[in-house]
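Visitor: here are the coordinates; sequence isn't available:
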């Protein structure tokens, strides 16, 4: 699908819409065409990754290193609530499994698992890869990217050991070197990046 802008993440809402933060605003995209359907103001001046979890839009703020949860009001506006602070300075990516929020941050090689009820850090998993960007959960593995280690490539990470299980380069990695947007739904993976011309869609490999 066509794509433009400085991507900071991707995630699907329960209704199938594709939510895409772009720093100073958050777009809602049609997942079949990439067309912009709505635009929302982030909780602070610069927005990092988002994820839909427990009926709310969880968002990372670059400006104050905080985690916000958004609720859509009856007027169509997003109402933001400050929930806590990111485990590392400047959170970069956020997703969730069935229990925890999973985050990355500030060019580090770590996966942080945070309890959404208490906003406490439950565990930290060390990977062999720095600069972990946006993340997604497929039910067994964490998907992530690193612009320094594997430009234009997505990887599957073991959430228990941090091991890089597989590498999946884009068809033309040079067209989208800094991947920073990954979302998973119905057996498909959606991938894009900073100033990337496309959102790529592929069938997930078997777990």
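Guide: Right, received. Where do you want to start? Since the model is a prediction, treat every value here as computed from it, not as a measurement.

Visitor: Low-confidence ranges, this protein, go.
Guide: Applying pLDDT under 70 to the chain flags no residue at all.

Visitor: mind redoing it with 90?
Guide: Counting by pLDDT under 90, the chain contains low-confidence ranges at 73-76, 206-207.

Visitor: is it true that residue 154 touches residue 182?
Guide: Yes. Contact criterion C-beta atoms under 8 Å: residue 154 and residue 182 qualify, at 6.3 Å. Yep, even glycine has a C-beta here, placed from its N, CA and C like the rest.

Visitor: Pull up the overlap in contacts between the two.
Guide: The contact sets of residue 154 and residue 182 overlap at 143, 144, 145, 189, 191 (C-beta atoms under 8 Å, 6 or more residues apart in numbering).

Visitor: In contact with the third one, which residues?
Guide: For residue 145, the set of contacting residues under the criterion of C-beta under 8 Å, 6+ apart consists of 132, 133, 134, 153, 154, 155, 179, 180, 182, 193.

Visitor: If we use 6 Å, what do you get?
Guide: 133, 154, 179 (C-beta atoms under 6 Å, 6 or more residues apart in numbering).

Visitor: who's more crowded, residue 154 and residue 182?
Guide: More crowded of residue 154 and residue 182, by other C-beta atoms under 10 Å: residue 182, with 29 against 23.

Visitor: quick one: which helix or strand includes that one?
Guide: Applying DSSP states H and E as the criterion places residue 182 in strand 179-185.
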